[in-house]
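Participant: Provided below for reference: sequence and predicted model.
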Amino acid sequence: MRDLDLTTLRLFVSVCETGNIARAGEKANIVGSAISKRLAQLEDTLGTALLVRKRHGVQPTAAGQTLLEHARAMLDGAARIERDMGGYAHGLRGQVRILASVSAMAESLADDVAAFLQLPAHANIQVDMEERVSPEIARGVRDGTASVGVCWDAVELGGLHSRRYRSDHLCMVVPGKHPLASRKSLRFEQTLDYEHVSLPVNSAVQVMLQRAAARLGRTVIHRVIVTNFEAALRVVRAGLAISLVPREVAEVYAGAYGLKIIPLAEPWAQRQFIICFRDAKSLSPSAQLLVGHLAAQHQ
């Protein structure tokens, strides 16, 4: 197979997203016939039909849908390369990419990274962060998407190295007038009679909660699924559900939202976060400095 042309892939993605070759041409300032020629050559190169013509445009075939996913990933990678190399062209001497869980991002990671960057010796280092669920963090570090990950230590590392970072404490957050609001502490089982607002079900903590509920012969009733803790606490404030949230996050909002924070009497309620990476030798000098700084925050 010949090398795939990024320009053609970019046009293919645009055609799929707009559903129309002419509109994709307008966006790229290219005539539609030129795009059609490129797409025909792409289909010839891959040996399969990628688009099917409909009455009002086109849509990808099954093969085209697969290519669309790969093309988006390739274009995103190319954009990252261009940005990273552009940083070196402007005198940047170090760059570190971190994948981090929503808990780490919501609690202390941003402040810790900011403190690292404020040190004069790190003036020429750039740190990029992206939020992912814990299983995706470990996979992304193994695949080289990022050099450093910050996640819960319950995740399967699959051969990655790790160092301890900070810890937090899971608690139940309920509206002030909720039947559980007067409790001084709770067992997880006692919360299962009520509807929960949760993070995505593939996140490490939600997988753990489903397993804990299954051991009790119960299930977690997800009424609302959100992507961040502030949204979860807004749902709790509205009285729609209760939520399992790190105490370190809940304390920021509880007073203003009129919420009750109840400690969770479970051995897994205190979580340990870790910094994961492929191996110390593979880390750039900048990444080694950052890992050392974050590991120093371990309590």
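Facilitator: The structure has been received and is ready for your questions.
Participant: rest of the way, CA atoms for contacts and neighbours
Facilitator: Fine.
Participant: now the helices for the stretch 1-150 of the chain?
Facilitator: If you assign secondary structure with DSSP state H, counting those that start in this stretch, the helices in the stretch 1-150 of the chain sit at 6-18, 21-28, 32-46, 62-89, 102-106, 109-118, 134-143.
Participant: how about low-confidence regions in the stretch 151-299 of the chain?
Facilitator: By pLDDT under 70, the weakly predicted segments of the stretch 151-299 of the chain are 299.
Participant: So which residues of it form helices?
Facilitator: Using DSSP H, counting those that start in this stretch, the helices found in the stretch 151-299 of the chain span residues 204-215, 229-237, 247-257, 285-295.
Participant: which secondary structure elements does the second one contact?
Facilitator: Counting by 3 or more C-alpha pairs under 8 Å, 6 or more residues apart in numbering; DSSP states H and E, the packing neighbours recorded for helix 229-237 are strand 161-175, strand 196-198, strand 243-246, helix 247-257.
Participant: Now tell me what touches the shortest one from outside.
Facilitator: For strand 196-198, the surrounding residues in contact (C-alpha atoms under 8 Å, 6 or more residues apart in numbering) are 206, 220-226, 232, 235-236, 241-244.
Participant: Buried ones among those?
Facilitator: Neighbour-count burial (16 or more other C-alpha atoms under 10 Å) applied to the contacts of strand 196-198 gives Q206, V220, I221, H222, V224, A232, V235, V236, A241, I242, S243, L244.
Participant: beta partners for the fourth one?
Facilitator: With DSSP bridges as the criterion, the beta-bridge partners of H222 are H196.
Participant: Tell me if I'm right that it and D193 touch.
Facilitator: No - in this structure, H222 sits apart from D193 without contact. The criterion is C-alpha atoms under 8 Å, and the distance is 11.3 Å.
Participant: Please render the buried ones among the contacts of strand 196-198 as CSV that adds distance to P120 to the earlier fields.
Facilitator: Rendered in CSV, the data for the buried ones among the contacts of strand 196-198 read as follows (distance: C-alpha to C-alpha, whole Å):
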residue, distance to P120
Q206, 40
V220, 48
I221, 50
H222, 47
V224, 45
A232, 38
V235, 42
V236, 43
A241, 46
I242, 44
S243, 41
L244, 39
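Participant: With respect to P179, which of those is nearest?
Facilitator: I242 (10.9 Å; C-alpha to C-alpha).
Participant: Now do the closest one against V249, distance only.
Facilitator: Applying C-alpha to C-alpha, to the nearest Å, the value for I242 to V249 is 15 Å.
Participant: Could you do C276 as well?
Facilitator: Between C276 and V249 the distance, using C-alpha to C-alpha, works out to 23 Å.
Participant: same deal with P285?
Facilitator: When C-alpha to C-alpha is the yardstick, P285 and V249 sit 32 Å from each other.
Participant: burial count for L233?
Facilitator: If you count neighbours by other C-alpha atoms under 10 Å, L233 ends up with 27.
Participant: Does I98 touch V150 like I think?
Facilitator: Yes - using C-alpha under 8 Å, I98 makes contact with V150 at a distance of 7.3 Å.
Participant: out of the two, which sits in the busier spot?
Facilitator: Applying other C-alpha under 10 Å to I98 and V150 shows that V150 carries more neighbours, namely 32 against 23.
Participant: hang on, the earlier thing: which one of C276 and V249 is surrounded by more residues?
Facilitator: Between C276 and V249, C276 has the larger neighbour count (other C-alpha under 10 Å), namely 29 against 19.
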